[in-house]
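*Asks:* predicted model and sequence below, questions to follow.
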Amino acid sequence: MRDTRNGRAAKTKEVSELPGVWVAYGTLLQHLRRRAELSQQALGAAIGYSLEQVASVEQGRRPAKEAFTVAAERVLAAGGVLEVLQGEVDRAKLPRFFRDFALIEAEVLSRFSYDPLLVPGLLQTEAYARAVFAGHCPPFSGEIVDQHTEGRLSRQKLLTRDPLAELSFIVGEEALRNSVGGVEVMRGQWQRLVEVGTLRNVEVQVMPTGVGFHSGLDGPFVLVETKDLRRLGYIESQEIGCIVSDTADVSGFALRYGKLRSQALNAQESARLIERLVGET
C-alpha cells in the first residue's frame, strides 16, 4: 500500500510541476483540433507527428517544437494563436532558475557578458549544449537534456532578432581549450564562434590565460540594458541565478566590464586565436 501511495504522490508531483504554459498550449490545441473535427491521429498524420506526440502535447506533458506549431497553425487555421505562445513554451524548457532572466534577455537593447569557464549559452552549438546538460550532476533524464538544449538554442534568436541588439561576449581562453564533448564538438564550437563574430551586432573577445589579475576573476556576469533603458545585472553559480537591480551594484558591473574589454584580445585577435585552435585539431 505504501508503494502505491508513494507512486501516486510522485505522479501527482510530476503533473503539478508541468509548466503552466505547456498545459495552456495543449488545452488550446485540443480545442482547435476538436473545432476542426479531427482526431489526434488525424491531426498527427496531417502535420507529420505521431498520435502519441500529439496526445503528449495536448496533455502538457511535452512542449511543442516550433515546427509542430507552424504545421498545426496551417492545418487548424489557428490564426496565430498557437504561434504567440511558442516563445513562452520554449522558455519553459529552460532550467527553472533561469526563466525570469530569459524573459528579460529576450527583449534587451544590449547584452554584455563575461564567461571564464564555458562558452556562453547564446553562442553554443547544439552538440556543445547537449554535452553540457548531459554532464549535469545529478544526471538529467534524456528528455530533460533534450528540453534544456532546445530551450538554450531558442534563446539564440536574440543574435539576429529585429531590431538588432548590441551583443558583446568575453570568453575565457580556458573555456575554449576545455574539451567539452570531445574534439569534434569543440571544432564545431570554435567554427561557430568565428561565424557569429562576423555579425555586425556581435563582438566576441577572448580573455587570454596568463594576463594576471583582472576584474573577472570573481566569476561570470551579465550586464543588460532593457527596452525601457534600465540597466540590470545577472550572476549565476551552481544553479542559483540572481537578477541584480541595485544601481550601485549594476554600475560596478559596467565598470568591471569596461576594464575586461580593454584587457581581453580585440575582436580580430580573438578570431585569429580561435582559428588557430581549429587548425591545431
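*Replies:* Received, thanks. Numbering: from 1, shown residues only.

*Asks:* where exactly do the helices run in this structure?
*Replies:* 2-16, 20-35, 40-47, 51-58, 66-76, 86-91, 99-105, 126-134, 142-155, 173-177, 183-196, 247-263, 267-280 (DSSP state H).

*Asks:* show the contacting residues for Leu260.
*Replies:* Tyr114, Ile170, Met207, His214, Ser215, Gly216 (Cβ atoms under 8 Å, 6 or more residues apart in numbering). Where C-beta positions appear, they are placed from N, C-alpha and C, glycine not excepted.

*Asks:* and the last one, what's its pLDDT?
*Replies:* Just to be clear, that refers to Gly216. According to the prediction, Gly216 has pLDDT 90.

*Asks:* distance of it from Leu117?
*Replies:* Remark: distance between Gly216 and Leu117 (Cβ to Cβ, to the nearest Å) = 11 Å.

*Asks:* look at the two and report which has more neighbours.
*Replies:* Using other Cβ atoms under 10 Å, the more surrounded residue of Gly216 and Leu117 is Gly216, with 21 against 12.

*Asks:* pretty sure the more buried one contacts Gly258?
*Replies:* No. Using Cβ atoms under 8 Å, Gly216 makes no contact with Gly258, being 11.7 Å away.

*Asks:* for stretch 114-131, what is the average pLDDT?
*Replies:* Stretch 114-131 comes out at a mean pLDDT of 98.

*Asks:* just the buried positions in it, please.
*Replies:* Buried residues in stretch 114-131, counted by 16 or more other Cβ atoms under 10 Å: 114-116, 118-125, 127-131.

*Asks:* do the same with stretch 210-221
*Replies:* His214, Gly216, Pro220, Phe221.

*Asks:* ok, now which ones touch the last one?
*Replies:* Just to be clear, that refers to Phe221. Ser113, Tyr114, Gly233, Tyr234, Ile235, Phe253, Arg256, Tyr257.

*Asks:* just Leu43 next, same as before
*Replies:* Arg33, Ala36, Val54, Ala72, Val75, Leu76.

*Asks:* which parts of this structure belong to which domain?
*Replies:* Following automatic domain parsing, one gets these domains for the chain: 2-91, 96-280.

*Asks:* what touches both of Gly216 and Leu117?
*Replies:* Gly172.

*Asks:* fine by me, we can end here.
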